[in-house]
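**Student:** sequence and predicted structure are below.
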Amino acid sequence: MSTISAPTDAQGSHHEVEPGHPPTSTGLSNEKVAMWAFLGSECLLFGALISVYLLYKGQSPGNTITPEDVYDIPYTSVSSFVLLMSSLTMVLALAAIQRGDHRRLRVWLLTTALLGASFVAGQVYEFTVFIKEGLTLSTNLFGSSFYVLTGFHGAHVTLGVLMLASLYSLSLRGRMPTEKAETVELVGLYWHFVDIVWIVIFTLVYLIP
Amino acid sequence: MTDTHAAGPNTEPGPVVKTTPEEGGTSHDHPSEKEYIKIALILAAITAAEVAVVYVESLEGLLAPILIGMSIVKFLLVVLWFMHLRFDSRLFRRFFVAGIALALFCYMIVLTTFGVWTR
Amino acid sequence: MAIVTSPPPSPAELPPPPGSARPAPVRLLRRPTHPTGLWSWITTVDHKKIGIMYSAAAFIFFLIGGIEALLLRVQLGSPDNTFLSADAYNQVFTMHGTTMIFLVVMPLSAGLANYLLPIMVGARDVAFPRLNAFGFWVFLVGGLFMYSSFLLGGAPNGGWFGYAPLTRNMPGHNIDYWIFGLQILGIASLTGAVNLIVTVINMRAPGMSLFRMPVFVWMSLIAQFLLLFALPVITVALFLLMFDRQFGANFFNAQEGADPLLWQHLFWLFGHPEVYILILPAMGVVSEILPVFSRKPLFGYQVMVISGIAIGFIGWGVWAHHMFVSGLGPVATSAFSASTMFIAVPTGVKIFNWLATMWKGKIRITAPFLFAVGFVTMFTIGGLSGVTHAVVPSDTQQTDTYYIVAHFHYVLFGGSMFGLFGGAFFWWPKFTGRMLSDRLGKMQFWLMLIGFNMTFGPFHILGLQGMPRRIYTYPEDMGWDFWNMVATVGSFLIAVSVLVFMWNVWKSRKSPQVGNDPWDARTLEWSIPSPPPEYNFAEIPLVTARDDLWHRKYEEDQEGRPVPRTRPESEERAAVGRAVEAATGGEAGLRGPDATSSVVTETAAGRAEAAGRAEAEEGDGVDATAGSHAEAGDEGTHHDEHGGHDGHDEHGGHDEHIHMPSPSYWPLVAAMGLAVVCYGVMYKFLPVAILGGLWIVGSLYAWALEPATAPDEPEPEPSTSTDLEPVGSGTGSAG
């Protein structure tokens, strides 16, 4: 639901049709319906990966590497915090373009991208530490399920960062006018989804013993 | 799974085309920047609490439900406010809930058959 | 999948607002503009052309899968046979199943849905035309990729269900082709699902409420939802297996503590909704055919729709009935047994409603009608054996025997394929403008019916006699010889019937052209020319009832019998009928040009154009038009601004302008990148994998930055035809 609204007034009513978007049966934009359908589908994807992790949790036989051996909760909490804040900056970016403030849009887009990139960098670093400590994809059940779950998530974040960077670049080149606020909204939906997946992963994988 | 919120059979004499989606039943449609920041602070606080709780030894048996509860709150905050689901058309909510509900249903059953809860 | 997850649909893309003049970005490839010829197909984004391509490709795969079946039947026709080695047999039976499911039934259903869904809901195209094209090319790339395995070391040989841990350790690349091929195909289906869901939800014509939509639309829609939610599960399963095979992960490594049942759960969580994906569209086809040839509305429309939805829902709760002998334990098996029995209820309801539709109807026995009836009967048989599978003790005996093979062939061939053949005969005139020979169609039907029952009927017996599945030969003294031989003979009879179909297609390419509504049918697609113009409807219809076309043609007399309406428009319609008609004779009770049976919802120019096309090449009518508003989503519902009438358009010119999305190379280019990545990862050539990744990302960027409708080209020379011309007024409305 993206609007061309007057600056600042959050109480005003909205007409939810983008210029250039013809009416649709529901009054909602096709792209937004598509994105939510896609996100619904992604729930099944991450649900499967999380379930596999939970299934194999603590099941690696023998005297082998366990989560307690490698997890650094404070470290991961920081990167969780970073990702959470990136959702805030994302929503601020959307608010900026909706009120026509393109400079702010770029500031927040770039911030979100950088926060996301730091998250990924943090993960990559975490992985290298784990590998050095002897946990690889093929070490045991824990290694396989951990890397695949967090790896999939990290790949999603990376794709999100690429999209954010693209939006930033398009905006710099003047190709993200206020009418295209919905594009930012859609990327934002994807970004927030990736964030909530992490909320689940952080709890189920890292925190719960 | 499919949306049936449009009119029922043969009751629509006119066009179904709408130009405004249904609004959520709230007093304002768009949280302000201040509200977004407030929510972010709450999220940060809950995250800190989650981490802290792990180190409290007396709560060990209850850790799982407490942590899951807290993460659900965070989840909802992001979905309802940041993703604007609270204020948007019910259709989007249905897609998302359908995905979550189906995932929970199927995967919980699978994990149950593996006896995950009782080991 | 080559990339980690299917990318979200392209973000909304609008051209710069007028006055913000920026030089057009330099593009690697000029936007294609071919209206005809091979390139027009390669770059098309028209849902109708895409639907035809899906169906044509699927039919070729059907022939290949059929040949594979014949090879199997030759090998099994006699005991201790050496026609196929065990290894060859494994490849052939795996590819037969994989082909028929993923490369035949699914794309045939997708082809029909692609062609018909927009028209049936009154739209001009799907929500995302380029994504639609992408889906087709990805499907084709996936199929070719999988078949390239025959030339590159051997085809997949782990069964269509690929059970790990077996497939984890099988040497060679056979299984990898299966894994990556299915991932590619999954992307195609997922994008198609999103596209069709948005189209049906969001692009319906005014008045087309959800409960006025044809049942085919409903069933296809439910199937798309099943795809949307089921595909991610098999995606994960395939990724896990891929990681095990390529990178030494342990997901299915029993030595490291993995549980073999994990694969089975993940696979069947997908696999069971998959079988409803395979059957629901065909059920929808039957629900369209039977009313037309019974001259009665579908009995219990709402119940049919709700049963379909119920099947979609309950279908998520039955998957472990494929695992009854895997050691789940009595509680789980009982629960799944109950849910499986439960799902028989909405299914049975549909059968009864079809029967009730035909009851006391004015039956016209045509080829499509026969195939639809064939569906009802054969599917019922398959459903009955399915009921026996729901009972755990009996399934314990039946599972992994030929009894199961009988069951699923009855529902998939006797059900889906018969239904899809019925759909082919029914909609052939709409897609091509010409009828298939009804006589040959009936011949095909009877040959196919007899051959089919001769092949798969005996499988019930063989299964109960203990013949296991997935064996490449059997010894002489098992007592299975006779029925195996009968089945083999039957399979060749099926082959003959398919040849009859091909002969029919060939022979009918010069049969007389037909008008809008050769069958005197009920739904919107029969209100536009055959084949339809690129823009489908010159004016988006205003829908006032279910089976809207029927109600425009007929009203009911006191006894409830349909009586043609006599209204002033009937004169115009008669003119249309004569302008485009060629008599089709008395075959199959066809109506010839009939003043009351073809309703015009187009303007005069649309009619004249259709007339002009009677001599011209199909599909030429409209250039790739341009408009300065770009959205693919544009071509959706639109309020009819001109009322129902066109009196002011008599002179054959057209003052309306319909903007259709422009063709594009990028969907095809992007699709090819997927194969490159997969080859690279599979053969561990990192440079190739990286190249493929960049190829895909680059194509997606080019695609995203290209407007859905190309900016205006200079006006073409005024032509003598009545082609719709583009306009650059850039208003938000489609004509």
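**Tutor:** Okay, I see it. Numbering: from 1, shown residues only, chains lettered A, B, ... in the order given.
**Student:** can you show me the CA trace of the one helix or strand in chain A whose mean pLDDT sits lowest as PDB?
**Tutor:** In chain A, no helix or strand scores lower on mean pLDDT, DSSP states H and E than helix A:67-70, which sits at a mean of 92. Below are the C-alpha coordinates for helix A:67-70, written out as PDB (Å, rounded to 0.1, in the frame of the first residue of the first chain):
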ATOM      1  CA  PRO A  67      26.700 -26.200  19.600                       C
ATOM      2  CA  GLU A  68      27.900 -25.400  23.100                       C
ATOM      3  CA  ASP A  69      31.500 -26.000  21.800                       C
ATOM      4  CA  VAL A  70      31.300 -23.300  19.200                       C
END
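**Student:** do the helix or strand just after it and chain B meet at all?
**Tutor:** Heading C-terminal from helix A:67-70, the first helix or strand you meet, by DSSP states H and E, is helix A:73-98. Yes - judged by CB under 8 Å from any CB of the partner chain, helix A:73-98 comes into contact with chain B at A:73-74, A:77, A:80-81, A:84-85, A:87-88, A:90-92, A:95, A:98. Quick note: C-beta positions are derived from backbone N, CA and C, even for glycine.
**Student:** that older thread, which residues does the least confident helix or strand of chain A contact?
**Tutor:** A:129, A:130, A:133, A:135, A:142, A:146, A:205, A:206, A:209 (CB atoms under 8 Å, 6 or more residues apart in numbering or on different chains).
**Student:** out of these, who's nearest residue C:67?
**Tutor:** Checking those against residue C:67 with CB to CB, the nearest one is residue A:146 at 45.6 Å.
**Student:** quick check: that closest one is in a helix.
**Tutor:** Yes - assessed by DSSP: H, G, I helix; E, B strand; the rest coil, residue A:146 belongs to a helix.
**Student:** pretty sure it contacts residue A:53?
**Tutor:** Yes - counting by CB atoms under 8 Å, residue A:146 does reach residue A:53; the two are 6.9 Å apart.
**Student:** intersection of neighbour lists for those two?
**Tutor:** With CB under 8 Å, 6+ apart as the test, residue A:146 and residue A:53 both reach residue A:205.
**Student:** higher neighbour count, the two?
**Tutor:** Set side by side, residue A:146 and residue A:53 show more neighbours around residue A:146, with 25 against 20, by other CB atoms under 10 Å in any protein chain shown.
**Student:** can you tell me how far that one is from chain B?
**Tutor:** 17 Å (CB to the nearest CB, to the nearest Å).
**Student:** before we move on, what about residue C:534?
**Tutor:** 23 Å.
**Student:** find the nearest non-adjacent residue to residue A:204, please.
**Tutor:** Leaving aside its chain neighbours, residue A:204 sits nearest to residue A:50 (6.2 Å; criterion: CB to CB, 6 or more residues apart in numbering or on different chains).
**Student:** what is the burial count for that neighbour?
**Tutor:** 20.
**Student:** give the contact list for residue 126.
**Tutor:** Since no chain was named, I'll use chain A. A:72, A:75, A:76, A:79.
**Student:** oops, I was thinking of chain C
**Tutor:** Here residue C:126 is in contact with C:47, C:114, C:117, C:118, C:132, C:195, C:196, C:198, C:199, C:203 (CB under 8 Å, 6+ apart).
**Student:** and the host helix or strand of the fifth one, what does it pack onto?
**Tutor:** Under the criterion DSSP H and E, the helix or strand holding residue C:132 is helix C:129-148. Packed against helix C:129-148 by the contact rule (3 or more CB pairs under 8 Å, 6 or more residues apart in numbering or on different chains; DSSP states H and E) you find helix C:47-76, helix C:86-98, helix C:106-121, helix C:174-202, helix C:666-682.
**Student:** in the helix or strand that it is followed by, which residues are buried?
**Tutor:** Downstream of helix C:129-148, the next assigned helix or strand under DSSP H and E is helix C:166-169. The neighbour-count check on helix C:166-169 (16 or more other CB atoms under 10 Å in any protein chain shown) flags C:167, C:168 as buried.
**Student:** the longest helix in chain B is where?
**Tutor:** Longest helix of chain B, by residue count under DSSP state H: helix B:90-113.
**Student:** other SSEs contacting that one?
**Tutor:** With contacts taken as 3+ CB pairs under 8 Å, 6+ apart, helix B:90-113 sits against helix A:30-56, helix C:215-247, helix C:261-294.
**Student:** rebuild the ones you listed as JSON lines, extending it with distance to residue C:363.
**Tutor:** Putting the helices and strands packed on helix B:90-113 into JSON lines (distance: least, CB to CB, whole Å) gives the following:
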{"stretch": "helix A:30-56", "distance to residue C:363": "41"}
{"stretch": "helix C:215-247", "distance to residue C:363": "19"}
{"stretch": "helix C:261-294", "distance to residue C:363": "6"}
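**Student:** mind putting these into CSV with mean pLDDT?
**Tutor:** As requested, these are exported to CSV (pLDDT from 0 to 100):
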stretch, mean pLDDT
helix A:30-56, 97
helix C:215-247, 98
helix C:261-294, 98
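**Student:** can you list the domains in chain B?
**Tutor:** Annotated domains of chain B cover B:31-87, B:89-119 [automatic domain parsing].
**Student:** please see if the longest one touches chain A.
**Tutor:** Right, domain B:31-87. Yes - Domain B:31-87 lies within reach of chain A by CB under 8 Å from any CB, at B:31-33, B:36-37, B:39-40, B:43-44, B:47-48, B:50-51, B:54, B:60, B:63-64, B:67-68, B:70-71, B:74-75, B:78-79, B:82-84, B:87.
**Student:** in helices, which of the residues you listed fall?
**Tutor:** Going by DSSP H, the helices hold B:33, B:36-37, B:39-40, B:43-44, B:47-48, B:50-51, B:54, B:63-64, B:67-68, B:70-71, B:74-75 from the residues of domain B:31-87 next to chain A.
**Student:** of those, buried ones?
**Tutor:** Counted by 16+ other CB under 10 Å, these give B:33, B:36, B:39-40, B:43-44, B:47, B:50-51, B:54, B:63, B:67, B:70-71, B:74-75 as buried.
**Student:** farthest pair within those residues?
**Tutor:** Spanning the widest gap among those are B:33 and B:63, at 35.4 Å by CB to CB.
**Student:** so where is chain B shaky, pLDDT-wise?
**Tutor:** Within chain B, the stretches with pLDDT under 70 are B:1-29.
**Student:** switch to 80 and redo it
**Tutor:** B:1-30, B:57, B:59-60 (pLDDT under 80).
**Student:** what do you get for chain A?
**Tutor:** Within chain A, the ranges that satisfy pLDDT under 80 run A:1-22.
**Student:** from memory residue C:413 sits against residue C:452, does it?
**Tutor:** Yes - checked against CB under 8 Å, the pair residue C:413 and residue C:452 is within contact range at 6.1 Å.
**Student:** overlap in contacts, the two.
**Tutor:** Joint contacts of residue C:413 and residue C:452 (CB under 8 Å, 6+ apart) are residue C:378.
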